[in-house]
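>>> My questions concern the predicted model and sequence given below.
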Amino acid sequence: MPVFSSAQSADQAAETYRAVGTTDLIYACGGGIMGHPDGIGGGVASIRQAWEAATAGIPVEDYARDHPKLRGALRQFRAGK
């Protein structure tokens, strides 16, 4: 089973899903959860929402319009890019 860690956040879910083509993986994203502007709950929600978008084939930016936790994560983790 592939394990992804180190700087994982909601921002990488779609790319990861495209690369491996499955959700049978471990997506260890401590910083992507703990660093969410709405706290741990917001971080967990944002990861779930990012994977919902990825598996549905919906661009994460589009999905984030109706999902504030995901939108917050994208703002937070893309700010330094």
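Received the coordinates, thanks.
>>> For residue 76, see how far away the spatially most central residue of the chain is.
For the chain, residue 10 is the residue whose C-alpha lies nearest the centre (C-alpha atoms, centre = their mean; 1.5 Å). Distance, residue 10 to residue 76, using C-beta to C-beta, to the nearest Å: 9 Å. Just so you know, the C-beta spots here come from the backbone N, C-alpha and C atoms, and that holds for glycine as well.
>>> likewise residue 32?
Using C-beta to C-beta, residue 32 is found at 9 Å from residue 76.
>>> do residue 22 as well
27 Å.
>>> So between these two, which is more surrounded?
residue 76 (20 against 10; other C-beta atoms under 10 Å).
>>> nearest residue to the more buried one other than its sequence neighbours?
Of all residues not flanking residue 76 in the chain, residue 37 sits nearest, at 5.3 Å (C-beta to C-beta, 6 or more residues apart in numbering).
>>> hey, C-alpha coordinates of stretch 42-53 in CSV?
Backbone C-alpha positions of stretch 42-53 (Å, rounded to 0.1, in the frame of the first residue of the first chain) are rendered in CSV as follows:
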residue,chain,number,x,y,z
GLY,A,42,-11.4,22.0,9.4
GLY,A,43,-8.2,20.2,8.3
VAL,A,44,-9.9,16.8,8.5
ALA,A,45,-12.9,18.1,6.6
SER,A,46,-10.7,19.7,3.9
ILE,A,47,-8.9,16.5,3.3
ARG,A,48,-12.1,14.5,2.9
GLN,A,49,-13.5,17.2,0.6
ALA,A,50,-10.4,17.2,-1.5
TRP,A,51,-10.6,13.5,-2.0
GLU,A,52,-14.3,13.6,-2.7
ALA,A,53,-13.5,16.1,-5.5
